[in-house]
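>>> structure for the following, please:
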Amino acid sequence: MLPKTNFQNHVKGIIVQIGFTVLGLLIVFSSMGEWNSREHWGALITYALLTVVSSFAPIRTFNSTLTLNNAVICSGIILYGAWIGVWSALIETLIISFLVRFHPVKALANVGQILITIWVVDFLKNYMIGLEISPMISDMILAVVYWYVNMSLCALGISYYFKVKWIPTIKELARGTTLTYLLLMVMGGIGSRLVELYGLVTLIPIMSAFITMSFVYHQYYDSLNKLQQKVEEVKSFNHRFLTTMAASIDARDRYTSGHSLRVAHWGREIAKDIGLAPERVEEIYIGGILHDIGKIGIEDEILNKKGRLTPEEYDRIKQHTVIGYEIILQAGMFNELLPAIRSHHERIDGKGYPDGLVGNEIPLMAKILAISDAFDAMVADRPYRKGLPVEEALQEIRRGSGTQFDEELAQHFIGIIERLPRGELESIIRQDTQSQKQLQEAIY
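Next comes the predicted model:
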């Protein structure tokens, strides 16, 4: 029996590769009679020219490119019917097949989904004519339906070919194109009504407006892309800087090489597992990198003492949470990470430090990193002892669940560890980057 995901993709394949193609061919054949009518040759030539011009003036958005032909097709459906939309769609397909590498199966599926969209919109238009709905309202409805149907069918194709989920793909497409796409459709509807009232001469200012909009959008989104590149460069620099800082912190404590990066890794995995937004996941990762930054202010003789710490020395070690908090607070940067730095040693039962917070008083970020920190401290090798086996460390996490650790987060973490292949888990636990080794050699 096929797994559920394979079966679903099989069904999608049948719909996309066979269903789209067959329905598209039927729609083309049903339109051919209109193309042979002598009185329609003017409209056919006009829309052929519009399609050619529109194919070379796409609208760029932040994460996609929209063709002006959608507006042309929509206007054709409103003015004449499905047959002119089919004509325009086929001409656009021919142009694209010459401009880019032609893949017959994908091309047939792609034109099929456009033709199905045209048929649905035309069916709805004819239905609303019988209801005597105002042209302004009906045009708006048709624009929205065209956008939604075309996007949904396109998302189904993407879902099949790239083996991703359909509904999230629709949401992703909508997020990137909604307003611009709808604006194009509305302009197409307005254009069709102007042509209906004043004749084909109105196509000149309408196409001029479309081309101008295409140029403006191109300039705008080109600037946005350049800005995005700069932002990514800054983020990359910040990440390298923070990673180097974490390696420097860990290098001061010869017993905990690589600790901060491992804590950051496990924190990120927990954050993803509980469904936090990508921005929050990244914050928790950086919080893990910087959680021990306060050790900069702890004396070497205490930090690297080989024997048991005195109560006074242990109290001094515990001050690293407050020292780190003050460093970040005074720096005026990464303020969103302050809870991770100050509160990652707090306990659910209130017996932690430095503030003795209880339960939900402890910020989520700190509760996540408390588990990551404790796990790495247990399983990592130290010069004075061997790390605990993973099973024993997980048992300690279970034992501390509800008292030291948040119970729900502890269960998520245990699930993450148990799902990982043993080889990959051991690789993460034992990781020690070359940069950290070099820093240790330089310091000591």
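>>> rest of the way, CA atoms for contacts and neighbours
OK.
>>> first to last residue in stretch 357-370, what's the distance?
13 Å (Cα to Cα, to the nearest Å).
>>> how about stretch 34-43?
Start-to-end, stretch 34-43 (Cα to Cα) is 11 Å.
>>> in it, which residues are buried?
Neighbour counts over stretch 34-43 (16 or more other Cα atoms under 10 Å) mark 34, 43 as buried.
>>> what does the average pLDDT come to for it?
For stretch 34-43, the mean per-residue pLDDT is 81.
>>> burial of Leu409, as a residue count?
Leu409: 20 surrounding residues under other Cα atoms under 10 Å.
>>> return the set of buried residues in the strand or helix carrying Ser97.
Using DSSP states H and E, Ser97 sits in helix 82-99. Neighbour counts over helix 82-99 (16+ other Cα under 10 Å) mark 82-93 as buried.
>>> okay, among those residues, which ones form the most distant pair?
For those, the farthest-apart pair by Cα to Cα is Ala82 and Thr93; their separation is 16.4 Å.
>>> what sits against the nearest residue to His265 once chain neighbours are set aside?
Leaving aside its chain neighbours, His265 sits nearest to Tyr285 (6.5 Å; criterion: Cα to Cα, 6 or more residues apart in numbering). Counting by Cα atoms under 8 Å, 6 or more residues apart in numbering, Tyr285 touches 264-265, 267-268.
>>> re the thing from before, can you name the next helix or strand after the helix holding Ser97?
In N-to-C order, the element after helix 82-99 by DSSP H and E is helix 104-131.
>>> that following helix - contacts with which helices or strands?
helix 20-35, helix 69-79, helix 82-99, helix 135-162 (3 or more Cα pairs under 8 Å, 6 or more residues apart in numbering; DSSP states H and E).
>>> any idea which of these gets closest to Asn335?
helix 135-162 (39.1 Å).
>>> what ranges does the stretch 301-444 of the chain have for its helices?
Using DSSP state H, counting those that start in this stretch, the helices assigned to the stretch 301-444 of the chain run over residues 311-318, 320-331, 338-343, 364-379, 390-400, 407-419, 422-429, 434-443.
>>> in terms of mean pLDDT, which of the ones you listed ranks lowest?
Mean pLDDT per stretch puts helix 434-443 lowest among the helices of the stretch 301-444 of the chain, at a mean of 38.
>>> from the contacts of Tyr285, which is closest to Ile158?
Closest to Ile158, out of all of the contacts of Tyr285 and judged by Cα to Cα, is Arg268, at 28.7 Å.
>>> picking up where we left off before, ok, the buried residues of helix 82-99 vs Ile414, which is closest?
Ile414 lies nearest to Thr93 out of those, by Cα to Cα, at 52.3 Å.
>>> list the contacts for the residue lying closest to the closest one once chain neighbours are set aside?
Closest residue in space to Thr93, ignoring its immediate chain neighbours: Val111 at 6.7 Å, by Cα to Cα, 6+ apart. Applying Cα under 8 Å, 6+ apart to Val111 gives the contacts 21, 24, 89-90, 93.
>>> again, but for Lys226
By Cα under 8 Å, 6+ apart, Lys226 has no neighbours at all.
>>> wasn't it part of a helix?
Yes - assignment of Lys226 by DSSP: H, G, I helix; E, B strand; the rest coil places it within a helix.
>>> that one and Glu233: what is the separation?
In terms of Cα to Cα, Lys226 sits 11 Å off from Glu233.
>>> what's the answer for Gly402, then?
Counting by Cα to Cα - Gly402 and Glu233 are separated by 42 Å.
>>> more neighbours, those two?
Between Gly402 and Glu233, Gly402 has the larger neighbour count (other Cα under 10 Å), namely 17 against 12.
>>> tell me the pLDDT of the more buried one.
93.
>>> ramachandran coordinates for it?
Main-chain dihedrals, Gly402, degrees, to the nearest 10: phi 90, psi -20.
>>> got a list of what it touches?
The neighbourhood of Gly402, defined by Cα under 8 Å, 6+ apart, consists of 348-349.
>>> kindly recompute the last result at 10 Å.
347-349, 359, 408-410 (Cα atoms under 10 Å, 6 or more residues apart in numbering).
>>> out of those residues, which end up buried?
347-349, 359, 409-410.
>>> what is the nearest of those residues to Ser54?
Leu409 (53.6 Å).
>>> ok, now which ones touch the closest one?
Leu409 sits next to 270-271, 273-274, 364, 367-368, 371, 401-402, 415 when contact means Cα under 10 Å, 6+ apart.
>>> report the buried members of those residues.
Buried among the contacts of Leu409 (16+ other Cα under 10 Å): 270-271, 364, 367-368, 371, 401-402.
>>> so which two of these are the farthest from each other?
Ala271 and Gly402 (18.6 Å).
>>> give the rounded mean pLDDT of the helix or strand that contains Ser223.
Element membership for Ser223 (DSSP H and E) is helix 203-252. Averaging pLDDT along helix 203-252 yields 67.
>>> also stretch 136-155?
88.
>>> and the helices of the stretch 301-444 of the chain, which is most packed in?
helix 338-343 (a mean of 26; mean count of other Cα atoms under 10 Å).
>>> right, I'll leave it there.
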